[in-house]
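**Student:** My questions concern the predicted model and sequence given below.
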Amino acid sequence: MQIPKKISKELAEETGWHIGDGSMNLYLNQGKQRGFYQLRGHIEDDKEHYEKRIKLLFEKIYEHKINIRTMPSTRVVGFQIWNDELINFKKNLGLCLGKKFDIEIPEIFLAKDNLKKAILRGIFDTDGGIYLEKKNNKLYPRIYITTISFKLSEQLLKLFQELNLRTTRYSQLFNKKFKRQRSYIITIRGIKMFHKFMKEISPKNPKHIAKYKKFIESQKLINSPNL
């Protein structure tokens, strides 16, 4: 595995995936502690993104082949690696081991606008969604990112506001029976903001692109002179 020697847009996006879908820790393996990394998404919704975007970009960044696997028993798709170098590299960037209760965007990715947008894209492509709500026979778009980290939610609010994207946040406490933690939902609403977000952040997950195309087609129907 080749550890990157410079900060790039590709590394920023990949770090965004980690913040969204990734986890890493040290575990006992063959009698000694070793670094373990995994990245996992939804078995159906994210499969194409993992196979066509994540695999290729990860292999380009780290010069290391990975196998994307589907795991029907847990309904996930992704990959895992035992590699101390990778874990140490990510730790040095400022990413945490274990649960991501306090995970945040490393400062090094906040220095330039292109890095900010790339890491936001990575986070949204793994932890975000688009909801098209029917209002008055029209589709009203809402973009959202969910996180259990208050620190990350603060950063997301600030970054989207810097991009002139109107953003709100609310928190939600899930049923304790399922041991869910309080989560923070960052939302961007409205047609104008939807178009601006898709242009500025440029998501690459096919499920997001499909939702945007669906919305565009609905607008064409509304504005059709034949209606």
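**Tutor:** That came in fine, so what should we check first? Numbers count the residues shown, from 1 in each chain.

**Student:** Report the distance from the helix or strand encompassing Lys134 to the chain centre.
**Tutor:** For Lys134, the element it lies in under DSSP states H and E is strand 128-135. Its chain's C-alpha centre and that of strand 128-135 lie 17 Å apart, by CA atoms, centre = their mean, to the nearest Å.

**Student:** Asp46 contacts Val77, correct?
**Tutor:** Yes: contact criterion CB atoms under 8 Å: Asp46 and Val77 qualify, at 6.0 Å. Backbone N, C-alpha and C define where each C-beta goes, glycine included.

**Student:** Please identify which of those two sits among more neighbours.
**Tutor:** Val77 (25 against 22; other CB atoms under 10 Å).

**Student:** How far off centre is the helix or strand hosting that one?
**Tutor:** Assigned by DSSP H and E, Val77 belongs to strand 76-82. Relative to its chain's centre, strand 76-82 lies at 16 Å (CA atoms, centre = their mean).

**Student:** Can you point out the buried residues in that strand?
**Tutor:** Neighbour-count burial for strand 76-82 flags 76-79, 81 (criterion: 16 or more other CB atoms under 10 Å).

**Student:** would CSV of those with pLDDT and distance to Gln30 be doable?
**Tutor:** Formatted as CSV, the buried residues of strand 76-82 follow (pLDDT from 0 to 100; distance: CB to CB, whole Å):
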residue, pLDDT, distance to Gln30
Val76, 96, 25
Val77, 98, 27
Gly78, 98, 23
Phe79, 98, 20
Ile81, 96, 15
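
**Student:** Redo those as CSV? Include distance to Asn137.
**Tutor:** Converted to CSV, these look like this (distance: CB to CB, whole Å):
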residue, distance to Asn137
Val76, 37
Val77, 36
Gly78, 39
Phe79, 43
Ile81, 49
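
**Student:** Gly20: which of those residues is nearest?
**Tutor:** Distance to Gly20, by CB to CB, is smallest for Gly78 among the buried residues of strand 76-82, at 11.7 Å.

**Student:** Give me the nearest residue to Leu152, chain neighbours excluded.
**Tutor:** Nearest non-adjacent residue to Leu152, counting by CB to CB, 6 or more residues apart in numbering: Glu104, 5.2 Å away.

**Student:** Pull up the pairing partners for the strand holding Lys134, direction included.
**Tutor:** Here strand 128-135 is paired, per DSSP bridges, with strand 138-147 (antiparallel).

**Student:** Report the next helix or strand after the strand it pairs with in sequence order.
**Tutor:** Going down the chain from strand 138-147, the next helix or strand is helix 150-162, by DSSP H and E.

**Student:** Show me which parts of whichever helix or strand comes after that next one are buried, residue by residue.
**Tutor:** Sequence-wise, the next helix or strand downstream of helix 150-162 (DSSP H and E) is strand 168-172. Under the neighbour-count criterion of 16+ other CB under 10 Å, strand 168-172 has Arg169 buried.

**Student:** Other residues contacting stretch 51-71?
**Tutor:** Residues from elsewhere that reach stretch 51-71 (CB atoms under 8 Å, 6 or more residues apart in numbering): 1-4, 8, 10-11, 13-14, 17, 39-40, 43, 47, 50, 76-79, 81, 83, 86, 125, 204-206.

**Student:** How many residues are close by the residue lying closest to Thr167 once chain neighbours are set aside?
**Tutor:** Nearest non-adjacent residue to Thr167, counting by CB to CB, 6+ apart: Phe160, 4.2 Å away. Applying other CB under 10 Å, we find 25 residues neighbouring Phe160.
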